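**Student:** With the sequence up front, the predicted model follows.
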Amino acid sequence: MASSFLSKLSFWPRWFWRQLTSMRNALILLLLLAIAAVPGSVYPQRSADPNGVKVFYDNRPELAAILDSLQLFDVYTSVWFSAIYILLFVSLAGCVLPRTKIHFNALRAKPVETPKNLARMPEHIVRDGSDSVLDSAYEVLKKRGFRVMRQEGSISSEKGYAKETGNLMFHYALVGVLMAVGLGGGYSFSGQRVLVEGDTFVNNLASYDSFSPGALFNESRLEPFSVSLDEFDVVYDLANKNNIGQPIDFIASVTRQVGTESYASEIRVNYPLPVPGANVYLTGNGFAPVVTIFDGEGNISFSGPVVFLPQDSNMTSLGVIKTPDSLPEQLGVIAFFYPTAEKLTTGAYTSIYPDPISPLMTMNVYSGDLGLDSGVPRNVFALDTTNMELIAGRNGPAPAIELEVGESADLPNGLGSVRFDGLLRFASLDIAHNPGGIWVLFFALLALGSMTMSLLIPRRRVWVRANPDGTIEFAALARRDDPNLKLILEEIVQEIETKSK
Amino acid sequence: MTEIVLNEALSEVSLLVVSSALAFLALALVLFSFQLVKLNTEDQTDPEKFSQVEKAGFVLLWVSTIVLGVGVVLRGISAGRVPWANMYEFSISGAFLILLIYLTALKIRDLRFIATFIAGFALITLFAAVSLFYVEVQTIMPALQSYWLVIHVVVAIMATGFFSVAAGLHLFYLLKASGKAQKLFQRFPDLQQLERLAYRFNVVGFVLWSFTLIAGAIWAERAWHRYWGWDTKEVWTFIIWVLYAGYLHAMATRGWNGKRAAWLGLIAFLSVIFNFTIVNLFFKGLHVYSGL
């Protein structure tokens, strides 16, 4: 090892370095890493399931605060998890670097001197023969790819240096994976956008509904392109009676435009659309009923498609409409959409099939102050009814408004009217890019290849010695487990004897 | 995707065939257990020779493997796709591959002594499949419609098969090392041989597991727009990989091979089982394909 470096270190750092780079501690760090990864599968993680963390906080706020202070909602970026893998990689470097030097020397060195006592080797065969056997042994071993050295009265040979090469390469490839993951994550971005049929997404920061960039991301990395959602289709299983209503395909028909070039394409689950500098993925879908609301003075105070969030597998969907400009009062609507509506005995509706066969929209209408002027950011999917009054709806002064496509209805108290103009679908799209991905893959495959090489290639030493008493000794030694050592030595002996006859 | 017409009648036949494989397997297990008892009580038998009981056991094991293979293939035909898209299908395909790997390995090495473990493990897997995991044949959701379903999952099943055989060897290593039932265990290969055999199966399993992890990441990039996101199943795949890496290190570390490595190999295998059962059924994540 790097003894000059070590000797300059005082006792404790030196002891620490020794400990860290020992095999035993590398092993302990590996086991610690496995254990440390477990809580991330037990508690919701902010990176994978931010909503789960929120729910946990709502249900058990005190426990959540404790867990959060221990970084148990961010296990894989936590101080303690990072500490373990950083120590592991330092330990790896401390172990692999000196070994690389040794191996580099071994690659250029001659095979070792033939040991005095060959009988102590795991495989040992004694035969009768003369000195000339050594000549044939030299040729046979050479032909079998051994590195051979003729010594005084004996031959020493070695083969399988690729075992150690593979082992070292595997460990370096892991460092490569780690660096590609880190750097790639820094330059990556992913953004979400909900697109209704007929809408167009133009790639710039303002067009995203939400956007999460890596630490090194720069807005200039967003390349110009646009994607229009022409049509969204859901294919349902109609052939198998037990699966009727099960979606078997989601197809977003889009037009992709880059510069002046545009062409039609499809985005499906598992088949993202490549665009300049990113891929566009399909992550969700739902209904967007088109609604027009007239206020009490007959002016249009709202008109257009409204994104409804699916609530169950039959696509019962929930949407919110706010009309801040309507007169005399602001209106707020909480609406349910049932693609195939059926009335329950309680009088409520439910959807019994996800495709729109008999679509129905029901609306609870509120009037009053929407609270949009307070400057507090409001969720577009929620209606704050604290300063509003229910004017139509279940348990309200007037019944809920029920509309089929094309129908309209008046609001009570002369506050206006609503119309259900038509039905569109929307697609939730993810626009994402991670430049590190391809490098992670490269290093991971390199690791896999070199590991396989290291585990499957045997490293063997074979010696042949002609003793003065006329006996010939053959011996073999393998590094690590080698099931075929005995067989190989017997084969070699056989070949040598045939050759020297 | 083109619409697939499921053949429900054929899937009923498949279930019947799988259940009969279960019965053959149970019989084989009884015979193998009987053989173990016999070895523990009788003195004079040539360890190289198959006894009548053992012979019958292996015939039954072959029969149940072939019957199970037919059941798995019928399930695939009735679904119009590969038969490993939910827990039931993964279990029957897994049990079939474990048996096939074992019976193939038996042609190369004398591994008769772990027949009880293999038959027992395959039996439990099949029993759980038929009684707990069974679901009617279904069309698969869009997220699973990818050729990676073929590659990623089949390699995962194969890795599990190799790990299972190794786990059996670890178990017998630890039993033998404990010094109990000496009369029986002296018929088994010596400790060093058991350790080496387990190591070889684990090595192949580890290479396959690494491949499954990489293939899964490639698929995740296509389906979920990121190659790695610490989804619960990804977490456990990672934990298992690290545990087996730890096992391989232990085997190369002085003082850590032998019993300690065997325990580590067993713990790693228990994580594989945990990942397939508890994580599949009770942990929240993106891999929600149990079908239950």
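**Tutor:** Great, that's in hand.

**Student:** When you work out contacts or count neighbours from here on, use the C-alpha atoms and nothing else.
**Tutor:** OK.

**Student:** what about the chain, any weak spots by pLDDT?
**Tutor:** Since you didn't name a chain, this refers to chain A. For chain A, the stretches with pLDDT under 70 are A:1-13, A:374-378.

**Student:** my question was about chain B
**Tutor:** B:1-3, B:43-48, B:289-292.

**Student:** where's B:M158, which helix or strand?
**Tutor:** In this assignment (DSSP states H and E), B:M158 forms part of helix B:148-177.

**Student:** So for that helix, what gets flagged as buried?
**Tutor:** Judged by neighbour count using 16 or more other Cα atoms under 10 Å in any protein chain shown, the buried positions of helix B:148-177 are B:148-150, B:152-174, B:176.

**Student:** where do the strands sit along the stretch 351-500 of chain A?
**Tutor:** A:360-368, A:388-392, A:401-403, A:408-410, A:416-433, A:459-466, A:471-479 (DSSP state E, counting those that start in this stretch).

**Student:** from the chain's centre, how far out does the fourth one sit?
**Tutor:** Once both centres are worked out by Cα atoms, centre = their mean, to the nearest Å, strand A:408-410 turns out to sit 49 Å from its chain's centre.

**Student:** Mind naming the longest helix for chain A?
**Tutor:** Secondary structure of chain A per DSSP state H: the longest helix is helix A:79-108.

**Student:** who does it touch, helix- and strand-wise?
**Tutor:** The helices and strands touching helix A:79-108, judged by 3 or more Cα pairs under 8 Å, 6 or more residues apart in numbering or on different chains; DSSP states H and E, are helix A:11-21, helix A:23-37, helix A:162-187.

**Student:** Check which helices and strands the helix or strand just after that helix is in contact with.
**Tutor:** Toward the C-terminal end, the helix or strand that comes next after helix A:79-108 (DSSP H and E) is strand A:123-128. Under the contact definition 3+ Cα pairs under 8 Å, 6+ apart, strand A:123-128 sits against strand A:471-479, helix A:485-500.

**Student:** Return the set of buried residues in the helix or strand following strand A:123-128.
**Tutor:** Proceeding N to C from strand A:123-128, the next assigned helix or strand is helix A:133-143, under DSSP H and E. Of all the residues in helix A:133-143, those buried under the rule 16+ other Cα under 10 Å are A:133-134, A:136-138, A:140-142.

**Student:** Return the most buried member of the strands of the stretch 351-500 of chain A.
**Tutor:** Sort the strands of the stretch 351-500 of chain A by mean neighbour count, taking mean count of other Cα atoms under 10 Å in any protein chain shown, and strand A:459-466 sits at the top with a mean of 24.

**Student:** anything in that one near chain B?
**Tutor:** No. Judged by Cα under 8 Å from any Cα of the partner chain, strand A:459-466 stays clear of chain B, getting no closer than 14.5 Å.

**Student:** picking up where we left off before, turn the buried residues of helix A:133-143 into JSON lines, columns for distance to A:K159.
**Tutor:** Converted to JSON lines, those look like this (distance: Cα to Cα, whole Å):
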{"residue": "A:V133", "distance to A:K159": "20"}
{"residue": "A:L134", "distance to A:K159": "18"}
{"residue": "A:S136", "distance to A:K159": "18"}
{"residue": "A:A137", "distance to A:K159": "15"}
{"residue": "A:Y138", "distance to A:K159": "13"}
{"residue": "A:V140", "distance to A:K159": "13"}
{"residue": "A:L141", "distance to A:K159": "9"}
{"residue": "A:K142", "distance to A:K159": "10"}
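
**Student:** of these, closest to chain B?
**Tutor:** Comparing the buried residues of helix A:133-143 against chain B with Cα to the nearest Cα picks out A:L141 as the nearest, at 26.8 Å.

**Student:** Skipping adjacent residues, who's closest to that closest one in space?
**Tutor:** A:V148 (6.9 Å; Cα to Cα, 6 or more residues apart in numbering or on different chains).

**Student:** Report the contact partners of that neighbour.
**Tutor:** A:V148 is in contact with A:110-111, A:138, A:141-142, A:155-158, counting by Cα atoms under 8 Å, 6 or more residues apart in numbering or on different chains.

**Student:** doesn't A:S253 fall inside a helix?
**Tutor:** No. Going by DSSP: H, G, I helix; E, B strand; the rest coil, the assignment for A:S253 is strand, not a helix.

**Student:** Specify the beta-bridge partners of it.
**Tutor:** Bridge pairing for A:S253 (DSSP bridges) gives the partners A:E231, A:E266.

**Student:** So B:G161 versus A:P468, what's the distance?
**Tutor:** 53 Å (Cα to Cα, to the nearest Å).

**Student:** With that, I have no additional questions.
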